[in-house]
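Colleague: With the sequence up front, the predicted model follows.
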Amino acid sequence: MRQQRRERTRQLIELGGLVVKAGLVELADDDRATLYGAFLTVSSKLRGEEREQALVLWKRKGKRAFEMEVDQTIMGEQ
């Protein structure tokens, strides 16, 4: 039980970090209702006919962003 809580806490922290990393907190003026509405819009899209297309597009975009971040970190260390 304790391990599950730790894993859940870690997951929530990581997901919150992605929200910050994407700049959504600043762009939404740290308004929880705005952020929640945006997440509901994404959720609705994933329940619709465009689910697979959206997942492919968003995954590709996210992977590129992570790769660019790693590249920038490596270049900054040199």
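Modeller: Cool, the structure landed.

Colleague: Pull the contacting residues for residue 18.
Modeller: Residues near residue 18 by CB atoms under 8 Å, 6 or more residues apart in numbering: none. From N, CA and C alone the C-beta is placed, and that goes for glycine too.

Colleague: Where does it sit, in terms of helix or strand?
Modeller: helix 2-21 (DSSP states H and E).

Colleague: what element comes up after that helix heading to the C-terminus?
Modeller: On the C-terminal side of helix 2-21, the closest following helix or strand by DSSP H and E is helix 24-27.

Colleague: Please list the outside residues in contact with that next one.
Modeller: Helix 24-27 has contacts (CB under 8 Å, 6+ apart) with 19, 35, 38.

Colleague: and whatever helix or strand comes next after that helix, what does it pack onto?
Modeller: Sequence order places helix 32-47 as the next helix or strand after helix 24-27, per DSSP H and E. Counting contacts by 3 or more CB pairs under 8 Å, 6 or more residues apart in numbering; DSSP states H and E, helix 32-47 packs against helix 24-27, helix 51-77.

Colleague: so how far is the shortest one off the chain centroid?
Modeller: Spelled out, that is helix 24-27. In terms of CA atoms, centre = their mean, to the nearest Å, the centre of helix 24-27 is set 12 Å apart from its chain centre.

Colleague: and what of the last one?
Modeller: Using CA atoms, centre = their mean, the distance from the centre of helix 51-77 to the centre of the chain it belongs to is 11 Å.
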